[in-house]
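Peer 1: With the sequence up front, the predicted model follows.
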Amino acid sequence: MYKLYTIIIATPLFMLVTVIIGILVTITSLLGMKPLSHRYIPMLWGRSACWLYWLPVHVEGRENLDVRQSYVFVANHQGYLDILLMYGYLGHTFKWMMKDYLKKMPIVGQVCMVSHQIFVGDSLSSIQQAVKDARKTLQGGMSMSIFPEGTRTYDGTMGPFKRGAFMLANEIGLPIVPITINGSFKAFSRKAKSVTRTPLSIHIHKPITPDYYQQKPTKVFMQEVHDRIECALGRTEVRPKEYCSAP
């Protein structure tokens, strides 16, 4: 019955909501209504998806964030619902760091450009431009989110991280916040054709300050953040609870 509900009711309604949200984000972005375009409308989009698909969501660690502080959020990428979970339940205003080619996606690319997401390519000039854009944008509580694995997991385990987010955070000196997303692989993985009803959770770890991570080689710190996120997934060996928290 649930599968039938998702096909006949939830998915058509969600597609309609997505079109409406895209229009609202475009209009409010053009009018300079940043709180609406960057936080409240995307939050409505993310939460409406979980409501429509009857997906319970648990959030842990939101008290670790200061709404006036800008961060770089680094999250694992389990499935299609991750972006919606971040928008709906993180409780912070942010932009995405996105691959440059996504500008060419129909509708999505246009909405992302109008809302001034941070695009980055593979060339040195593109990376330098992304740093400039980030310096202007990521202040006063506006943060950035990225999935450093670069793609959704195939089997539920975490892949290795790419350097981009960590290099950018180092350049602009922002705290890094590891985010553990759990349940979305089972709910809607990259190989799935429909949503499965299952509990979802977001674990917001304590911010890691630039004073701490700038003293370490990028590769070493990347692995440390990877391990912190994975620790909250319960996929690694048993470790003290404090290991999953920032120093």
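Peer 2: Cool, the structure landed. Residues are numbered from 1 along each chain as shown.
Peer 1: and the helix or strand where residue 43 lies, what does it pack onto?
Peer 2: Using DSSP states H and E, residue 43 sits within helix 41-52. The helices and strands touching helix 41-52, judged by 3 or more CB pairs under 8 Å, 6 or more residues apart in numbering; DSSP states H and E, are helix 11-30, helix 82-89. In short, each C-beta sits where N, CA and C put it, glycine included.
Peer 1: Comparing those helices, which stretch has the densest surroundings?
Peer 2: helix 82-89 (a mean of 22; mean count of other CB atoms under 10 Å).
Peer 1: Against which helices or strands is it packed?
Peer 2: Looks like helix 82-89 contacts helix 41-52, strand 57-60, strand 72-75, strand 176-182, strand 200-204 (3+ CB pairs under 8 Å, 6+ apart).
Peer 1: Determine how far the first one lies from the middle of the whole chain.
Peer 2: Translated: helix 41-52. 14 Å (CA atoms, centre = their mean, to the nearest Å).
Peer 1: ok so, going back, pipe the helices and strands packed on helix 41-52 into CSV and attach mean pLDDT and distance to residue 57 per row.
Peer 2: What follows is these, written out as CSV (pLDDT from 0 to 100; distance: least, CB to CB, whole Å):
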stretch, mean pLDDT, distance to residue 57
helix 11-30, 92, 16
helix 82-89, 94, 5
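Peer 1: Dump the ones you listed to a markdown table, plus distance to residue 144.
Peer 2: As requested, the helices and strands packed on helix 41-52 are exported to a markdown table (distance: least, CB to CB, whole Å):
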| stretch | distance to residue 144 |
| --- | --- |
| helix 11-30 | 17 |
| helix 82-89 | 11 |
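Peer 1: Tell me which of these lies nearest to residue 139.
Peer 2: Shortest distance between residue 139 and those, using CB to CB, is found for helix 11-30: 18.0 Å.
Peer 1: Which elements pack onto the closest one?
Peer 2: Helix 11-30 packs on helix 41-52, helix 108-114, going by 3+ CB pairs under 8 Å, 6+ apart.
Peer 1: Go again with 10 Å.
Peer 2: Secondary-structure packing of helix 11-30 (3 or more CB pairs under 10 Å, 6 or more residues apart in numbering; DSSP states H and E): helix 41-52, helix 82-89, helix 108-114.
Peer 1: nearest to residue 12, of those?
Peer 2: The nearest among the helices and strands packed on helix 11-30, by CB to CB, is helix 41-52 at 9.8 Å.
Peer 1: Quick check: mean pLDDT of the closest one?
Peer 2: Across helix 41-52, the average pLDDT comes to 95.
Peer 1: so where is the protein shaky, pLDDT-wise?
Peer 2: The chain contains residues with pLDDT under 70 at 106, 108, 121-124, 126, 234-247.
Peer 1: Grab the nearest non-local neighbour of residue 221.
Peer 2: residue 213 (4.7 Å; CB to CB, 6 or more residues apart in numbering).
Peer 1: and what of residue 65?
Peer 2: Closest to residue 65 by CB to CB, 6+ apart is residue 92, at 5.5 Å.
Peer 1: show me the contacts for residue 215.
Peer 2: residue 221 (CB atoms under 10 Å, 6 or more residues apart in numbering).
Peer 1: what about it, which SS state?
Peer 2: coil (DSSP: H, G, I helix; E, B strand; the rest coil).
Peer 1: going forward can the numbers begin at 14, since that is how I track them
Peer 2: Understood, numbering begins at 14; the last thing we discussed is residue 228.
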